[in-house]
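Engineer: coords please:
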Amino acid sequence: MPEIGIVTNPRAAGGKNAGRTRALRDAVGRRGIVVETRDVADLPAVVERFEAKGCRYWVADGGDGTLGWLLSTWDARRGHPAGETSPDAPIFLPTRGGSIDFVARKLGIRTRGPALVARLRTSLEAGRPPPTASLRALRLRATAADGTSLVRLGFAAALCGIAQRFFDVLYEHRPVRPRHVAEILALGALGPPVLSLRPLRAVAPAPWRAKIQHLYTPTHGTVTVDGTTLPFTRLTSVQIGSIDIDLGGVVRVFRLAKEGTALHAQVSGLSPWGIAGNLPNVVLGTPLWGRNVVERTCRTLDLVPHPPETVDPVVDGEIFRAAHSVHVTLGPRIRFALP
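Structural biologist: Numbers count the residues shown, from 1 in each chain. You can find the predicted model right below:
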């Protein structure tokens, strides 16, 4: 009976993983099965197959998005329970096959792809199951314009404002590299002078101006944290995480979630100069400052944009469009293998 189930996403990280299904099959040998997916719609059948085969270890060969889709599909199959996972729940493993791989960074996983799978197989063949670590997840529920709902397990979510729009600009690059994160931060630092000084605005390249305008456009909506509605509705950033993360060694955020006992929420209604002034805090992971800034631990956060506005929440790097409401709660602990 196979112990390892591997789902591979050949389109992850701009397609850099394409063509390595055979290498994964060689790495896992008779200890597991490898399923190559072309669309997220393939995942329910993959999860069903892993369960039917009795796979104990579920490997997501892709980036944080691939891992998030696998976790969310498994969570949907078990009915999105409110409690913790059972002892016989799958043990997951990301293979650092994405662009940023912040979950693998958090776990301290350095080996990549087929080599990591081979280490897991060798450990099991020797009768020494690998050690494990658990990370607290968040669960996001969003309602779209057509009434459909999204339920997603993940570890970090950017709900609106510059935190969300950052990903719109980032994904103009394929594949994404850590240097692109730094480039967008530099572009953000130019925002206030370009927006407020006519001579500088006149000489700034049109693509720069368009990206800066997009990054700095606020969202108007109501945010409620643990049942308390915040007093400001002009939102320049709303983001929340269940673990402390490192984006490509450039951005560090959600330090208050480091212990895994609560979510770390950051909500701001800053001016452009206030946003730019906080960029060093974004890089260093230090507290945000300024008027209309709420940064705290919580268990729930709700965001309702004011019609006709919608928001495009990003969960672990995956963008979901046109949500009319978003509800984030503390989720279950997920167990990961550390081969």
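
Engineer: Can you tell me who L301 pairs with across the strands?
Structural biologist: Counting by DSSP bridges, L301 forms beta bridges with V225, V328.

Engineer: Quick check, it in contact with G241.
Structural biologist: No - with contact defined as Cβ atoms under 8 Å, L301 does not count as touching G241 (10.8 Å). Using the backbone N, CA and C atoms, a C-beta is placed for each residue, glycine as well.

Engineer: What segments of the chain are helices?
Structural biologist: All helices of the chain, identified by DSSP state H, fall at 21-28, 43-53, 64-77, 102-107, 113-125, 161-170, 178-189, 191-196, 198-203, 206-216, 272-277, 279-284.

Engineer: which of the residues in the longest one are buried?
Structural biologist: I take that to be helix 64-77. D64, G65, T66, L67, G68, W69, L70, L71, S72, T73, W74, D75 (16 or more other Cβ atoms under 10 Å).

Engineer: out of these, which one sits closest to D88?
Structural biologist: Distance to D88, by Cβ to Cβ, is smallest for W74 among the buried residues of helix 64-77, at 12.8 Å.

Engineer: Next one: the closest one from V35, what distance?
Structural biologist: W74 sits 14 Å away from V35, going by Cβ to Cβ, to the nearest Å.

Engineer: V176 too?
Structural biologist: 25 Å.

Engineer: since we're on the closest residue to R177 other than its chain neighbours, how many residues are nearby?
Structural biologist: Leaving aside its sequence neighbours, R177 sits nearest to S99 (Cβ to Cβ, 6 or more residues apart in numbering; 7.2 Å). Neighbourhood size, S99 [other Cβ atoms under 10 Å]: 26.

Engineer: Then A52?
Structural biologist: The number of residues packed near A52 is 8, by other Cβ under 10 Å.

Engineer: now it: how far from F254?
Structural biologist: Taking Cβ to Cβ, one finds A52 at 37 Å from F254.

Engineer: where do the contact lists of L301 and G241 overlap?
Structural biologist: Residues touching both L301 and G241 (Cβ atoms under 8 Å, 6 or more residues apart in numbering): L263.
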